[in-house]
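Undergrad: Everything below, folded, please.
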Amino acid sequence: MTNYREILRLSRLGLNKAQIAGACGCSRTTVIKVLSIAAAQGLSYPLPDGMSDKQLADTIVPANAAKPEYKKPALLILDEWLLYQLKESEARDLLEIAEARYKKGSMIFCSQFYVPVWRDKIGSPIIADAICDRIVHDSYRIVIECE
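TA: Below is the predicted model:
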C-alpha cells in the first residue's frame, strides 16, 4: 500500500521525486500523482491534526476511483521475462504493477534465467529487491531443464 503520509513528508523535506519513490518503494509516477492530487486538495505536510492514514488515502484516491486495466485481470502472464536488462523507468513501472497485484492477483513469469539472476537484470538494487520481495515470496516455481 502506498504510504501517502511519508510521500508528503519527504517532499516537504526537499527530496526529489526519484528519492521519494526509492524510499517509499513505489514508482516515481505514483509520487508525482500523489503530490499533484495532494496539491489540488490543498494538502501538505504537516497534515491537519487528527487526519488518519485512511482519511488521507480516501482523500488522495477515493474508494470509487477506477483502477487501471492492467490491475484488473485475474492472471497476468509476463513472457520472455527479463530477456533484456530493464531501464530504471521500466523497473519502476514493473514495481508499480507488482505492488498493485501483490496478494491480490496471480502472475506467471516465463524466463530463461534463474531467480538469483533477476536482481542483476532488473538494474537498480533497491527496486530489484522491492520487486523480488513481491513476486518471489509465496510463489511456486516450475523449472524446466532441457538440452
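Undergrad: Do you know the pLDDT at Leu94?
TA: Leu94 is assigned a predicted lDDT (pLDDT) of 89.
Undergrad: Now name the helix or strand holding it.
TA: Here Leu94 sits within helix 88-101, counting by DSSP states H and E.
Undergrad: for Tyr140, same thing?
TA: Using DSSP H and E, Tyr140 maps to neither a helix nor a strand.
Undergrad: What score does it have for pLDDT?
TA: Tyr140 carries a pLDDT value of 87.
Undergrad: Number of residues surrounding it?
TA: Tyr140 has 5 neighbours, counted by other C-beta atoms under 10 Å. For the C-beta atoms, the positions are set from N, CA and C on the backbone; glycine is no exception.
Undergrad: Look up how far Phe109 lies from it.
TA: Using C-beta to C-beta, to the nearest Å, Tyr140 is found at 11 Å from Phe109.
Undergrad: Next one: the residue nearest the centre of the chain from Ser139, what distance?
TA: The chain has Glu96 as the residue nearest its centroid, 2.7 Å off, counting by C-alpha atoms, centre = their mean. Distance, Glu96 to Ser139, using C-beta to C-beta: 19 Å.
Undergrad: Repeat that for Arg5.
TA: Counting by C-beta to C-beta, the gap from Arg5 to Ser139 is 30 Å.
Undergrad: mind checking the SS state of Lys103?
TA: What DSSP: H, G, I helix; E, B strand; the rest coil gives for Lys103 is coil.
Undergrad: my bad, should have said Ile77
TA: Secondary structure, three-state DSSP: Ile77 is strand.
Undergrad: Please list all residues in contact with it.
TA: Neighbour list for Ile77: 107-108, 110 [criterion: C-beta atoms under 8 Å, 6 or more residues apart in numbering].
Undergrad: distance of it from Ala21?
TA: Counting by C-beta to C-beta, the gap from Ile77 to Ala21 is 26 Å.
Undergrad: how does this structure divide into domains?
TA: 4-60, 69-136 (automatic domain parsing).
Undergrad: what's the least confident stretch among these?
TA: Of all these, domain 69-136 has the smallest average pLDDT, which comes to a mean of 86.
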